[in-house]
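S.K.: Here is a sequence with its predicted model. Questions after.
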Amino acid sequence: MNHIYHLPEHQTLRDQMQRFLDREVEPFGLDWEKAGKVPRDVLKKMGQAGFFGLMYESEYGGAEADALTNLVFAESLSQSTFAGFIVSVLVHTDMASPHLHHAGTAAQKAKYLPSLIAGDTISAVAMTEPGAGSDLSGMRSTAKRDGEGWVLNGTKLYITNGVHANLYFIAAKTGEGKHQMSMFIVEKGTPGFSVGRSLDKTGWLCSDTAELVLDNVRLGPEALLGEQDKGFYALMKNLQTERIALAAMAVGHCQRAIELTLDYVKQRQAFGKSLWDMQNIRQRIAMLDAKTRAARQFMYHCAWSVTQDHDIVQEVSMLKALTGELVNEVVGGCQQFWGGMGYMREAPIERLWRDARVLAIGGGATEVMLEEVAKRY
């Protein structure tokens, strides 16, 4: 990999994460999938190890690292074969808590960031609704003035970490304009705020996904996060961080699928020889690996562009579309070589296969991403 993207401290971070996964995650992930949640003590251990505050201010316990280092973290994390665990972490580190980092007041940061970085508090971000996914202009949740404070009403859907989070960053309409919305900080236990139901998914089985209900949730003025009516732009800004993280997840899945499949086809015997001895199989795996490596380079280029303050919306939209489709091609292609075993729950390739599907949907569906690309030509 280009030396610009690969520094000694990056390799140290990769090694630290791999040790954590080997010790704290992979031996227990199947039990977490059955339980439908990642134990909070594991997330707290990640916070104590310094994984949750890489890009945040040192005064709150952060490391003040750059976007490249954060990508190394996301890619290293994504070497796990349990994507429910991966997304539980990435929602906290790259999709929810960054809103506080970018827009929070000194008082808000002092109150919440230390516990978010330490892993004592786990966060979620609530944008999506039954009628508003990629098109946030369809949002119906409202926040209306009540004296100096606010009253929130509405429903949020498909919220990762929604059941077990402690702190929520919630978007709501604060005016009649198409993009007139604001962000609010809502603590678990606030009267009127509840989990409507826990949702049953095809994959990501150890991540909790919720419907959230806002029923006359009364908040003080200090709950407003960022500027009133500017929440749409805050959401759009952070979507680039979110989409690079999801690309890292996709590339990580591709890497693990290829690694596991290489081991499998070299051992699996058929017609008197290993599957690896069959030219077509090894050539197809080589092409999947080539595509993965190319996507990885593009991903690191996008993260480097963030460090240079470049406008990256078009490139990151390309990256999200590319990797969301590629992970399904790669994991599905690798699974084919496992034969019947690849369809069994005991095989990690089966788990990677069902977890990969949502990466072409969540965080911006492929078709939406391609429109974001096209309208910038």
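M.R.: Structure's in. What do you need? Numbers count the residues shown, from 1 in each chain.

S.K.: and this structure, what are its domains?
M.R.: 8-122, 124-229, 232-374 (automatic domain parsing).

S.K.: Pipe those domains into CSV and attach mean neighbour count and mean pLDDT per row.
M.R.: (C-beta placed from N, C-alpha, C; glycine too.) Listed next are those as CSV, based on neighbours: other C-beta atoms under 10 Å; pLDDT from 0 to 100:
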stretch, mean neighbour count, mean pLDDT
domain 8-122, 19, 95
domain 124-229, 19, 92
domain 232-374, 19, 94
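
S.K.: Centre-most residue in this structure?
M.R.: Among the residues of the chain, the one closest to the centroid is residue 90, at 4.1 Å (C-alpha atoms, centre = their mean).

S.K.: Can you report phi and psi for the nearest residue to that residue once chain neighbours are set aside?
M.R.: Excluding its sequence neighbours, the residue lying closest to residue 90 (C-beta to C-beta, 6 or more residues apart in numbering) is residue 245, at 4.8 Å. Reported as degrees, to the nearest 10, the phi and psi values for residue 245 are phi -60, psi -40.

S.K.: my read: residue 245 touches residue 98, true?
M.R.: No. With contacts counted by C-beta atoms under 8 Å, residue 245 stays clear of residue 98, the gap being 9.9 Å.

S.K.: what's the spacing between the most far-flung residue of the chain relative to its centre and residue 278?
M.R.: Distance from the C-alpha centroid of the chain peaks at residue 272, with 43.7 Å (C-alpha atoms, centre = their mean). Taking C-beta to C-beta, to the nearest Å as the measure, residue 272 falls 11 Å from residue 278.

S.K.: Then residue 155?
M.R.: 52 Å.

S.K.: Check residue 34 too.
M.R.: Counting by C-beta to C-beta, the gap from residue 34 to residue 278 is 37 Å.

S.K.: again, but for residue 339
M.R.: The gap separating residue 339 from residue 278 is 13 Å, by C-beta to C-beta.

S.K.: How about residue 147?
M.R.: 73 Å.

S.K.: Residue 78 too?
M.R.: Going from residue 78 to residue 278 by C-beta to C-beta gives 30 Å.

S.K.: Would you agree residue 216 falls within a strand?
M.R.: Yes. Assessed by DSSP: H, G, I helix; E, B strand; the rest coil, residue 216 belongs to a strand.

S.K.: Let me see the contact set for the closest residue to it other than its chain neighbours.
M.R.: Nearest residue to residue 216 in three dimensions, chain neighbours excluded: residue 192, at 4.8 Å (C-beta to C-beta, 6+ apart). Residues in contact with residue 192 (C-beta atoms under 8 Å, 6 or more residues apart in numbering) are 152, 214-218.

S.K.: Next up, phi/psi of residue 338, please.
M.R.: phi -90, psi -10.

S.K.: my guess is it meets residue 261, correct?
M.R.: Yes. Residue 338 lies in contact with residue 261 (C-beta under 8 Å); the separation is 7.0 Å.

S.K.: From the chain's centroid, how far away is stretch 222-242?
M.R.: Mean-position distance between stretch 222-242 and its chain equals 17 Å (C-alpha atoms, centre = their mean, to the nearest Å).

S.K.: switch to numbering from 47
M.R.: Sure, I'll start numbering at 47, so the last one becomes stretch 268-288.

S.K.: Can you get me the start-to-end distance on it?
M.R.: 26 Å (C-alpha to C-alpha, to the nearest Å).

S.K.: Give me the contact list for stretch 271-285.
M.R.: Residues from elsewhere that reach stretch 271-285 (C-beta under 8 Å, 6+ apart): 141, 144-146, 148-150, 154, 173, 182, 215, 217-218, 220-221, 223, 225-231, 409-410.

S.K.: I meant to write stretch 320-337 there.
M.R.: 300, 304, 307-308, 310-315, 372, 375-376, 379-380, 383.

S.K.: Show me which pair in those is furthest apart.
M.R.: 315 and 372 (30.0 Å; C-beta to C-beta).

S.K.: For residue 348, what is the enclosing helix or strand?
M.R.: helix 325-353 (DSSP states H and E).

S.K.: could you point out which element follows that helix?
M.R.: helix 359-382.

S.K.: Could you tell me the angle between that following helix and helix 325-353?
M.R.: If you take axes from the mean of the first three to the mean of the last three C-alpha atoms, to 10 degrees, helix 359-382 sits at 150 degrees to helix 325-353.

S.K.: Are there helices or strands packed against helix 359-382, and which ones?
M.R.: Applying 3 or more C-beta pairs under 8 Å, 6 or more residues apart in numbering; DSSP states H and E, we find helix 359-382 packed against helix 277-313, helix 325-353, helix 394-402, helix 412-420.
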